[in-house]
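1. A predicted structure for the sequence below; I have some questions about it.
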Amino acid sequence: MHQRRGGSGNNYSNGTNSNGHFNANMNRRGPYDPERGGLSASEMNANIMEQQNNDKIDQLSDQVALLKGLTIDIGNEVREQNSLLDQMGDGFSSAGDLLAGSLQKIGTMLDSGGAKHMCYMVGFIVAVIVLLYMLMK
């Protein structure tokens, strides 16, 4: 078993006696005594934590600024896309009107009859199919 050592060898250099308690003559404030002009340990810890908090706030501020820039860019992109979609909608509307006019002319041509008109209609249909094929390619 372990035995406790006795004698004068029990005075440790850290200021504790053999039972682990502080000696009466030891300064509990540590090496930084405010009365001597230094900072206490709690003041040093507070300063360190304050500096760490300031660093984290700066990092968060930078990240918020980055996110703000991204959201502005996204907003600009959305406005451009909406403008493009509006232009496409107008283009499809005009193409629909053109197609409706063409179908009306084809109807009039079919009502008048004749083989010549039927050839024109077949040629028009082939031309439309070729045009759509080229646009899809």
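-> Alright, I've got the coordinates. Numbering: from 1, shown residues only.
2. mind checking what secondary structure Leu39 has?
-> Assigned with DSSP: H, G, I helix; E, B strand; the rest coil, Leu39 falls in the coil class.
3. Gln52 versus that one, what's the distance?
-> For Leu39, the distance to Gln52 (Cβ to Cβ, to the nearest Å) stands at 16 Å. Quick note: C-beta positions are derived from backbone N, CA and C, even for glycine.
4. so between the two, which is more surrounded?
-> More neighbours surround Leu39 than the other of Leu39 and Gln52, with 13 against 10 (other Cβ atoms under 10 Å).
5. hey, which helix or strand in the chain has the poorest pLDDT?
-> Sorted by mean pLDDT, DSSP states H and E, the helices and strands of the chain end with helix 115-136, the least confident at a mean of 88.
6. elements contacting that helix?
-> Helices and strands touching helix 115-136, by 3 or more Cβ pairs under 8 Å, 6 or more residues apart in numbering; DSSP states H and E, are helix 41-112.
7. other SSEs contacting the helix it packs on?
-> Secondary-structure packing of helix 41-112 (3+ Cβ pairs under 8 Å, 6+ apart): helix 115-136.
8. quick one: the helix it packs on to helix 41-112, angle?
-> Following axes from the mean of the first three to the mean of the last three Cα atoms, to 10 degrees, one obtains 170 degrees for the angle between helix 115-136 and helix 41-112.
9. when you give positions from now on, start the count at 30
-> Happy to do that; since the first residue is 30 now, the last one works out to helix 144-165.
10. can you list contacts of helix 144-165?
-> For helix 144-165, contacts defined as Cβ atoms under 8 Å, 6 or more residues apart in numbering pick out Ser131, Ile135, Met138, Leu139.
11. most centrally placed residue in the protein?
-> Leu96 (5.9 Å; Cα atoms, centre = their mean).
12. quick one: contacts for Leu128?
-> Listed by Cβ under 8 Å, 6+ apart, the contact set of Leu128 is empty.
13. what stretches of the chain score poorly on pLDDT?
-> Along the chain, the model assigns pLDDT under 70 to residues 30-66, 142-143.
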